[in-house]
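A.B. asks: heads up, no residue letters with this:
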C-alpha cells in the first residue's frame, strides 16, 4: 500500500458503487481492499463508509472456491435480513388484538377497521404485557391486521355563543 493513489480509489468507489446492488458492492469493495494488502480493509472502510466486518465477509466470499452468488434480482441469500417482530414473538399479535378489542370502530362488514388508541399508548400497554415494540412496529402490525388510526371527534360540541356573528 506504499504507492496508493487514494483519490483514484475514492473516485472509483464513488462512480461504481451507486450502480451496484448490495452483493456486488460488497464483492467489489472487498476486491479493492484485498488488492491494497495490509491496511486495505481499514482504508476502503473509511473511503466507502462500509463496515470492516462487511469487507471481511466479502473477502471470505472472494476466497471461497465455490461461491454461491444470490439469484438474479436478489442481493441477499434466502433468509437474509431481520425477522419481523411478529415472527420472533407470535404472542404480540394476540396481545395487540386483545388491547384493540374495546377500542375498535368501524363496520364489521367493511374490511377497514380503525382504533382511536394512539401508537404511543399501544406501545406502553404492550410493554406492560412484557413486549417491546416501538410505534413504527405497532403501525406495521396494525396495517397487517387491517386497522387504521383515527382520532376521537369531540362529540360534546356546544353551539357557538349567540353574539358571535353580530
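C.D. replies: Good, I have the coordinates. Everything quoted here is computed from the prediction, not taken from an experiment.

A.B. asks: Tell me where the longest helix sits in the protein.
C.D. replies: Secondary structure of the chain per DSSP state H: the longest helix is helix 22-36.

A.B. asks: Could you tell me which residues within it count as buried?
C.D. replies: Across helix 22-36, burial judged by 16 or more other Cβ atoms under 10 Å covers 23, 25, 26, 27, 28, 29, 30, 32, 33, 34, 36. All C-beta spots, glycine's among them, are computed from the backbone N, C-alpha and C.

A.B. asks: Output those in CSV; the columns should cover distance to residue 136 and pLDDT.
C.D. replies: Shown next, in CSV, are these (distance: Cβ to Cβ, whole Å; pLDDT from 0 to 100):
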residue, distance to residue 136, pLDDT
23, 27, 88
25, 26, 93
26, 27, 92
27, 32, 93
28, 32, 95
29, 30, 96
30, 33, 95
32, 36, 95
33, 35, 95
34, 38, 94
36, 40, 93
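
A.B. asks: for those, which one is nearest residue 132?
C.D. replies: residue 26 (30.8 Å; Cβ to Cβ).

A.B. asks: The closest one contacts residue 57, doesn't it?
C.D. replies: Yes: Residue 26 is in contact with residue 57 according to Cβ atoms under 8 Å; the separation is 6.9 Å.

A.B. asks: Name all residues that make contact with the residue nearest the centre of the chain.
C.D. replies: For the chain, residue 82 is the residue whose C-alpha lies nearest the centre (Cα atoms, centre = their mean; 8.3 Å). Contact analysis of residue 82 by Cβ atoms under 8 Å, 6 or more residues apart in numbering lists nothing.

A.B. asks: Residue 84: how many residues sit nearby?
C.D. replies: The number of residues packed near residue 84 is 13, by other Cβ atoms under 10 Å.

A.B. asks: Quick one: the buried residues of helix 22-36 as CSV, columns for distance to residue 100 too.
C.D. replies: What follows is the buried residues of helix 22-36, written out as CSV (distance: Cβ to Cβ, whole Å):
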residue, distance to residue 100
23, 40
25, 42
26, 42
27, 46
28, 47
29, 46
30, 47
32, 51
33, 50
34, 53
36, 56
